Structures are given as structure tokens and as C-alpha cells.
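Peer 1: sequence below, structure please.
(2 chains)
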2 protein chains.
Amino acid sequence: MSLSSGSLPAVPQGFRLAGAASGIKSKPNVEDVTLIVCDDDAVAAGVYTTNVVHASAVALNRQKTPHDRCRVVVVNSGNANTCTGKRGEQDSLEMLRLAAESCGAQADQALVMSTGIIGVFLPMEKIRTGITAAAAKLASDDKALISAARGFTTTDKYEKIAGRSIEIGGRSVQITGIAKGAGMIAPNMATMLATIMTDAQLTPAAAHAALQTATRLSFNAISVDGHMSTSDTVLLLASGKCSPEPLGGDDLAAFQTALNEVCIELARMIPADGEGASHLITLDVSGCRTHEEAHQIARQVAESALVKTAITGADPNWGRIVSAAGQAGVVFDPQGMSLSMNGFSIFAQGEPVPFQAAEVSASIKEHQETHVELSFSEGSASARFWASDLTVDYVVFNSQYTT
Amino acid sequence: MSLSSGSLPAVPQGFRLAGAASGIKSKPNVEDVTLIVCDDDAVAAGVYTTNVVHASAVALNRQKTPHDRCRVVVVNSGNANTCTGKRGEQDSLEMLRLAAESCGAQADQALVMSTGIIGVFLPMEKIRTGITAAAAKLASDDKALISAARGFTTTDKYEKIAGRSIEIGGRSVQITGIAKGAGMIAPNMATMLATIMTDAQLTPAAAHAALQTATRLSFNAISVDGHMSTSDTVLLLASGKCSPEPLGGDDLAAFQTALNEVCIELARMIPADGEGASHLITLDVSGCRTHEEAHQIARQVAESALVKTAITGADPNWGRIVSAAGQAGVVFDPQGMSLSMNGFSIFAQGEPVPFQAAEVSASIKEHQETHVELSFSEGSASARFWASDLTVDYVVFNSQYTT
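Peer 2: The predicted structure follows:
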């Protein structure tokens, strides 16, 4: 299901971008190499997968961010260049060199992201062709933004773009992001990647902190299948073209709010486009001691195959939800626990509430989003989490491909 | 798939048992109440779910074990009596009273297990009828053992029984266990329950320690869907009829070995009979610093929907396995990691190994069991884990039931 908000956001000032089709993906004429070029040195911050097994691209980027001399990001889809040993690392370094050359920058001013199949060497000839082709098409119009976003995608059914325009100090500041992801690894691969561009000016430290906060509330609060990728990367690039000095105080707070909104809008698109998904599940957990505990409970419920299949079947099988909450590793009083689904109260203060199962089932069937609210009596912290449901299509998609 | 070892084990001396059909389950004439009676006071040890949300039966048993005056275990299937508040607790206490009365014991000499749907009150009239009917049929022959095992089952396709006879101090000692489980909660419910009977003599402390050890290697090393039940209970009952004094030293070690074997045989039957399962996956993780770290990696791989669906599709999609290992929360050197599937080397010391994918795929297709071996260079500890794969049938079974 698509969650597109309609018209495309603008590309922030100071950025040009393009996607090119180089033939890495098996489908012909589908973009699989993207360049995002900063006209001048930009601030770059990144957050990455915490998987012990990760792509060489992740290791290389992690060493460099945050910094304030970023000039280019190169992305390829269709091949994750992960578990490819020393040759894989050389290939990532080569991508950085090629991307930097294409815009007259140094290799240490480039960042790289790869997503796709694990354990296969990169087809470097195609990568070279793709980078050259993308460099020749760089622009900042809608067409360029869409082609760049397509270069990120793997098993995604649509490109994922979101943006906000806000007024800061009398100037209009733009924040525009691109994301991809529909499953950890699909037969032809996927993973979560995102790049957020802004023409606001940020210090490297402020960019890093803002991205950490926004990611915690968005990309780290989604799950399709609970399988952490080896390539997950979210970058924030700030060109500074639309603010005379680095943001601070209320201006930075306003920027943070808008950045959170962009990241949440992009993040929600991922489980909504989850492999085989028929429902987007939104979980609100409240009344916990800390955000982390609320988040942990929400994630445990979101990742339960039994909860997901119940929602696929429009079945208000609430025992699956409360029992999943109980295994999250968080201590709570079951007598203080309450549950509602799509606004219907089902379990209150540890006792079952008589409810019309057919009415709740009809509500789940009618809506693409299912809202699950769990509340506890431990404190006042809360968390929100989004997940896809688990369908026959997911299993078919991920099992009926045989080498 | 069934893993039955052929002929039924004997019922250990000092036990009589029976299952009766009381109508709790929707299918007519299917056993749903079981009594296991100890002729004299027996030692009882238990291990239970760690879910914060758990059945009143679990809370009541946990207070009582280990102890040395156990006379009866009453089990019902079709209703878990969980999340049923104060009335649910009263119903569990009533079951204990009725079971004790049926064999002339005190209520504090009884233990109780309930498995089935969550959040529905127990039909106590049926429970009473069932206990009376089971008490009238108590015996120690094959028929009694099978009917008792059927009284445990919910979504299981077959009853799960395993046993060992060993020689200790010139006497033959019998260990016989019953288990059930095919998913955490299925439409008409399931959970993991087991009771192991032996005529060996054990102190309560030794029984508790032996059961903890055996459970760690068996029932705590299996997963169908990663969803921890609210009713999981494993009991060990020792009548002492076949050993003149409590086992110690080498005798206790021999008993432990046989108990481990019985528990592993029963435990393997659960994912093999996992809802919709087409493969039993056996994971061997070695070269870790501790058993716990090896276990944690094995569990993470076993519970990945992407690993499970790959095996369903006979796809040696090894990137899914190594990436799942990397998110287990265990630090390791990816350059010391190796993987084989069904004996074929696929990834060695952090580098891909050229392999014939079609050959590995054919091997996965041909065998009901898939053997995944992951080794690391961190130490010498290892762990074994069993899981079911994830099929279309699992999703259909758990989603196409709508209230």
C-alpha cells in the first residue's frame, strides 16, 4: 500500500542528483546507481546498522561521519557488497574514488551505500558506467529526484520521498528525504537506506544529534520481518545554502520537529510497502517507566508472527498481543495492563472486556492501518512503532525463489 | 512430520494416568483432561515460562516446586485459563481440589496445567466431568499413556511420548515423558507442556537441578514462531519405586544423560510438528566464548522469518543466515565465521566459498531435516537449537481464522 502524500517536495538548495540504469538489477532500464552531489562542502551525519556482519560501505562511512566536507553520496542497488571479504572493500573504495572524480572532489569527501544481494562481488564495470551516466544527468528537478529515489530501490513497489518546508529566521528551509526498504533481504534483495538533504546550516555535532533523535523515532521504530540488515544507513546532508549561520536554540528545535516528521513519513512507507503486506500496524505503548521499555514492548508485539497473522486475518485475537508484550524482557504488573484495537477496548486492568469481535474484525478489514494501543501502570513514558502484517504473499515471495 | 521412535516406552512404576474427553475442545470425543496420579508421595520439580503475562496455573505450581509430597497432576487442553483475572485463579484452585479429591490427596499435593485459548473462562462443569471420568480410567498400560498424552494436545498433529530405560545399581530405571506443542497460540490454541515421570529416587534439589539442565538443552532450545507462551511448563515427577535411595554421583550422572535424551527427543518433536512446518531445522553453533552466546546466535538465526522461508524454498540463501547471526547481540569477528548447510561448505573465514547451489538446494528438498552449522573463532563453547521452517500453511493456519 502506498502512503504517498501527493506532490513531490523540492530538492533543497545546494544539491543535484540523478539515478542511472547500469544493469546491476535484472530488470532492464531500472535505475540502480544514484549520485547525490553537494555543490559545495556540506555537513554530513550518519546512523548505521548495529549488525556485527555489515557491508564494507557501512564501515567506511562510519569512520567519516559526522564531518563538514561532504561532496557526494554514491548509491547502488541490486548488490549489497556484504560478506565479500577484501575484494569487496576494494570495490567500495573504488566507488568512492569514481564518485569523487565525477564531481571534482576528493575520495574522502564521498560516502557510499550498497543494497541488494549478500555475498556476491560487485559488477564494477556496470558500476563505473552507472556513475558516469548519473553524473551526466545531475539536476534538481522532480525528474532527477524520482530517478535518484529509484536508484535506491530493490523489492520496493514504489520510490519513497518525503519533505517539509519550514520558515526559520524569515527564510524558507527545505528538508527532503529519500528512503528504500521492504524487507531485510528479499530474493533480489532489500534493506533500509535513506538520505535526507537540507539547505539549513548545521554544525556536524548538531547534524549528528538531530539525526540520532529523528532516527530513534522513525527508522528505528519500524519492522517488516525483524531481520536487521547488514547495510542499514541513514545520512543527513546539510548544504547550509538557506541559513546564514548554524541553527541553534528555537531554530534548531523547529528544524528537529520538521526532520522528525520527514523521517517518520519515510519510515512509515517501509512497513506499508513491506513484502506482501496487507496492513500497516501502528502500535502505541504508554504508561511505561521509560521510552526504551515502551519501545521494547512495542517491538516485541510488532515482530510476533502470531500477532501479524492475526491482523492479516482481521482477527482480534488479543491473547497473542498481551502474551507477546509479556515476553519483551520488561517487568510490569499485568493487573495494570489494558489493550484496545482500532479504538475498541478489549482488555482493561488485567481483566477481559466483553466486546463485539465481529465489529472489531470488520474495522480491521476495512482499514489499511490497524491501531493497537497498549497501556501500563508503571509510569508516563510512551513509544510508537510501525510494522507490516505477515501474509501468504510474504512467504511465497521469500520461499518460492530457489537457486 | 513425525519423529516417533516406534514402540511406546513403559509407564514408570508408581504412576497411573488417563485422559478423558470432556468437551472443552470443539472436536468431539478428543481427550482434553488428563490425570497423572502418583501412588505414593513423589518428588516434583518444575520449570516454567518466564513470560510476565502467565497462567494462574503457572503461578500456583511455581510456589510449590520442588517438593516431595506430590500426588497428582491435572492437565486440561483447549483453554489456557490465562488473562482471566481473579475468577481464573479461583478456577485453577478448584481444579487442584478436584484432582486431589479424586485420589484421596490434599490440594497442596496437586499440580495443574492448562493450555489453549487465552482470555476465556474455563468451562468448570466440563472440567469436573473430565476429572471424574479420567479418575475412573487410571491405568499404567499403553492405552492409558496414549490417552493421557492426547489430553495434553491442542494443535499438535500427534501425541508426543518418549522414554528411556537405564540400569542403575543393578536395577532398571524408567524415564517416560509426555509433551505437547506446535505453536504458541493457534486459533484453537497451543503451548508447550511436558511431564516426565521416573521411578528413580531423587531428592527435590537433585530433581530440580536435573530438570533445569535437561530443559536448557531441550525445551529451551526450540522455536516454532519465537512467541513465548503464557503457560509453558515442564514437570519432573520421581516416584522412587525403583531405587532404594536418592541417586547421587555416577548414578545421578547416568540418570541426567538419559533424562537429557528423553527431553531432547520430546523437544525435537515440537518444531517437527510446528504449525505448517515442512522442515525441521537443526542449528549447531560452535567456537563461541560461552554456551549462552552460542545459544543466542542459534536462536536469532532460528527465529528469522527470512532464514525459515529460505529453507522452506530449499534455497541456500546464506546471506540471510550470516546476517541474522550478526544481530544476535553477540560480538564476534566476522573474519572467523564459517557456515555449512547439510555438510556443504558455503562461507569460510569471512569469505564466500564457491558452491553448487543446485546441489545444496536438492539436499534441502530431499531431507525433512536441514542441518545448519555456524562456527566462530572466539572460543570452544557450542549450542544446538531446533526450529521449524515458515510456510504458507503456517500463515493460512494462523490468519484465516476470523472471529
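Peer 1: give the buried residues for stretch A:147-161.
Peer 2: Neighbour-count burial for stretch A:147-161, counted by 16 or more other C-beta atoms under 10 Å in any protein chain shown, picks out A:147-156, A:158-161. To be clear about C-beta, it is placed using only N, CA and C from the backbone, and glycine gets the same treatment.
Peer 1: quick check, that stretch touching chain B?
Peer 2: No. Stretch A:147-161 lies out of reach of chain B by C-beta under 8 Å from any C-beta of the partner chain, never closer than 11.8 Å.
Peer 1: with only the CA atoms kept, save that stretch in PDB.
Peer 2: What follows is stretch A:147-161, C-alpha atoms only, in PDB (Å, rounded to 0.1, in the frame of the first residue of the first chain):
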ATOM      1  CA  SER A 147      15.300   8.800 -10.800                       C
ATOM      2  CA  ALA A 148      17.600   9.200  -7.800                       C
ATOM      3  CA  ALA A 149      15.000   7.600  -5.500                       C
ATOM      4  CA  ARG A 150      14.500   4.700  -7.900                       C
ATOM      5  CA  GLY A 151      18.200   4.100  -7.800                       C
ATOM      6  CA  PHE A 152      17.800   3.300  -4.100                       C
ATOM      7  CA  THR A 153      15.000   0.700  -4.500                       C
ATOM      8  CA  THR A 154      15.200  -3.100  -4.600                       C
ATOM      9  CA  THR A 155      12.000  -5.000  -3.700                       C
ATOM     10  CA  ASP A 156      10.200  -1.700  -3.100                       C
ATOM     11  CA  LYS A 157       6.900  -1.400  -5.000                       C
ATOM     12  CA  TYR A 158       7.400   2.400  -5.200                       C
ATOM     13  CA  GLU A 159      10.000   5.100  -4.600                       C
ATOM     14  CA  LYS A 160       9.900   6.700  -1.100                       C
ATOM     15  CA  ILE A 161      10.200  10.500  -1.000                       C
END
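Peer 1: mind checking the pLDDT average for it?
Peer 2: The average of the pLDDT scores along stretch A:147-161 is 91.
Peer 1: show the contacting residues for residue A:22.
Peer 2: The contact partners of residue A:22, taken as C-beta atoms under 8 Å, 6 or more residues apart in numbering or on different chains, are A:32-33, A:76, A:126-127, A:129-130, A:133.
Peer 1: what strands line up against the strand or helix carrying residue A:43, and which way round?
Peer 2: Taking DSSP states H and E as the definition, residue A:43 sits inside strand A:33-48. Sheet pairing for strand A:33-48, assigned by DSSP bridges, gives strand A:15-20 (antiparallel), strand A:67-79 (antiparallel), strand A:233-238 (antiparallel).
Peer 1: return the set of buried residues in the next helix-or-strand element following that strand.
Peer 2: For strand A:33-48, the succeeding helix or strand toward the C-terminus, using DSSP H and E, is helix A:56-64. Using 16+ other C-beta under 10 Å as the test for burial, helix A:56-64 gives A:56-58, A:60-61, A:64.
Peer 1: neighbours around the closest residue to residue A:94 other than its chain neighbours, how many?
Peer 2: Once flanking residues are discounted, residue A:94 sits nearest to residue A:124: 6.4 Å by C-beta to C-beta, 6 or more residues apart in numbering or on different chains. When neighbours are defined as other C-beta atoms under 10 Å in any protein chain shown, residue A:124 has 14 of them.
Peer 1: contacting residues around the residue in the stretch 201-350 of chain A that chain B sits nearest to?
Peer 2: Closest residue of the stretch 201-350 of chain A to chain B, C-beta to the nearest C-beta: residue A:319 (2.7 Å). Contact analysis of residue A:319 by C-beta under 8 Å, 6+ apart lists B:80, B:82-83, B:117-119, B:185, B:230.
Peer 1: for chain A, what's the longest helix?
Peer 2: Counting residues, the longest helix found in chain A (DSSP state H) is helix A:249-272.
Peer 1: skipping its backbone neighbours, what lies nearest residue A:157 in space?
Peer 2: Using C-beta to C-beta, 6+ apart, the nearest residue to residue A:157 is residue A:273, at 5.3 Å.
Peer 1: what's the burial count for that neighbour?
Peer 2: Residues lying near residue A:273 (other C-beta under 10 Å) number 27.
Peer 1: okay, the buried residues of helix A:56-64 in CSV with pLDDT next?
Peer 2: What follows is these, written out as CSV (pLDDT from 0 to 100):
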residue, pLDDT
A:56, 91
A:57, 93
A:58, 92
A:60, 95
A:61, 94
A:64, 93
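Peer 1: out of those residues, which is nearest to residue A:365?
Peer 2: Lowest distance from residue A:365 to the buried residues of helix A:56-64 (C-beta to C-beta) belongs to residue A:58, with 40.5 Å.
Peer 1: please report how far the closest one lies from residue A:140.
Peer 2: According to C-beta to C-beta, to the nearest Å, residue A:58 and residue A:140 sit 28 Å apart.
Peer 1: ok, now residue A:349?
Peer 2: Distance from residue A:349 to residue A:140, by C-beta to C-beta: 55 Å.
Peer 1: of those two, which one has the most company?
Peer 2: A side-by-side neighbour count of residue A:349 and residue A:140, using other C-beta under 10 Å, places residue A:140 first with 19 against 14.
Peer 1: isn't that one right next to residue A:9, touching?
Peer 2: No. Using C-beta atoms under 8 Å, residue A:140 makes no contact with residue A:9, being 11.7 Å away.
Peer 1: next, the buried residues of stretch A:234-253.
Peer 2: Quick answer for stretch A:234-253 (16+ other C-beta under 10 Å): A:234-243, A:246-247, A:251-252.
Peer 1: typo on my end, stretch A:42-55
Peer 2: A:42-49, A:51-55.
Peer 1: show the average pLDDT along that stretch.
Peer 2: 89.
Peer 1: which single residue of the stretch 51-200 of chain A ends up nearest chain B?
Peer 2: residue A:118 (2.6 Å).
Peer 1: show me where chain A has helices.
Peer 2: Going by DSSP H, chain A shows helices at A:56-64, A:85-102, A:124-135, A:142-152, A:204-217, A:249-272, A:291-302, A:305-312, A:318-326, A:357-366, A:392-399.
Peer 1: ok so, going back, relative to residue A:282, how far out is the residue of the stretch 201-350 of chain A closest to chain B?
Peer 2: 20 Å.
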